[in-house]
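Peer 1: Build me a model from this:
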Amino acid sequence: MFVRAYLRASTSEQDATRARAQLDTFAADRGLTIAATYVENESGAKLARPELFRLLSDCRPGDVLLIEQVDRLSRLTEGDWRKLRAEIEARQVRIVALDLPTSWTLTGPQDDFTARMFGAINAMLLDVLAAVARKDYDDRRRRQAQGQAKAKAEGVYKGRQEDVARNEGIAAMLRDGRSYSQIQAATGCGRATVAKIAKRQAETAQA
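Peer 2: Residues are numbered from 1 along each chain as shown. Presented below is the predicted three-dimensional model:
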């Protein structure tokens, strides 16, 4: 059995590796070793996630897909969730989530009856948590749209504002010769943000 950790954040501005330490601790406490970690910045509402499907293609029957929360795996519509579930089940991959304690039993040895019983329980709970994650996603988008519509109607909507102080800090670190990885670790931003600031600096220098 190989344990494969999946870490996801919705945008390049967020740190997808935030929960790595929690997953490492969970595995170590159970005498497990994480064989590979797959990280990506993609919305959980999208089925097309390259790193997730690379993980699944690497899996062998009985491997564990370890996640922090079920919503890291899915904020999908019901139809897309069923497609993903079918792919996971076809590969006989065990989903273990830190926010789903009944799934923790899947990391240890089990007799056939226990395995089937907890498999059925976890399948049901995964469906419930995936539906809750999707509802939360839809609710947040609706509230956001309502807030923007109200702000536009009142003439005060300005769109997403740039974090000027943070970006100036990134620019300073780039000038000091810091690597992208060092800057990401220091600021918690995504690689795409660092690249954007670096490009802006280069264009300014050429102007």
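
Peer 1: can you tell me how far residue 33 sits from residue 65?
Peer 2: For residue 33, the distance to residue 65 (Cβ to Cβ, to the nearest Å) stands at 15 Å. Every C-beta, even on glycine, is put in place using the N, C-alpha and C of the backbone.

Peer 1: Between these two, tell me which one has more neighbours.
Peer 2: Neighbour totals were compared for residue 33 and residue 65, and residue 65 leads with 23 against 9 (other Cβ atoms under 10 Å).

Peer 1: Tell me the pLDDT of the more buried one.
Peer 2: As summarised for this prediction, residue 65 has a pLDDT of 97.

Peer 1: same check, this time on residue 112
Peer 2: For residue 112, the pLDDT comes out at 84.

Peer 1: Quick one: residues contacting it.
Peer 2: Applying Cβ atoms under 8 Å, 6 or more residues apart in numbering to residue 112 gives no contacts.

Peer 1: just checking, next helix/strand downstream of the longest helix along the chain?
Peer 2: Identified as the longest helix of the chain according to DSSP state H is helix 112-153. Scanning forward in sequence from helix 112-153 by DSSP states H and E, the next helix or strand is helix 164-175.

Peer 1: so where is this structure shaky, pLDDT-wise?
Peer 2: Confidence mapping of the chain against pLDDT under 70 gives the ranges 156-160, 207.

Peer 1: Show me how the record splits it into domains.
Peer 2: 3-134, 164-206 (automatic domain parsing).

Peer 1: Of all those, which one is nearest residue 142?
Peer 2: Ranking the domains of the chain by proximity to residue 142 (Cβ to Cβ) places domain 3-134 first, at 12.5 Å.

Peer 1: contacts for stretch 87-105?
Peer 2: Residues from elsewhere that reach stretch 87-105 (Cβ under 8 Å, 6+ apart): 3, 22-23, 26, 30, 53, 56, 59, 61-70, 72-73, 106-107, 114, 118, 121-122, 125-126, 129.

Peer 1: that older thread, kindly reformat the domains of the chain as JSON lines containing distance to residue 141.
Peer 2: Compiled in JSON lines, the domains of the chain are given as follows (distance: least, Cβ to Cβ, whole Å):
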{"stretch": "domain 3-134", "distance to residue 141": "9"}
{"stretch": "domain 164-206", "distance to residue 141": "21"}
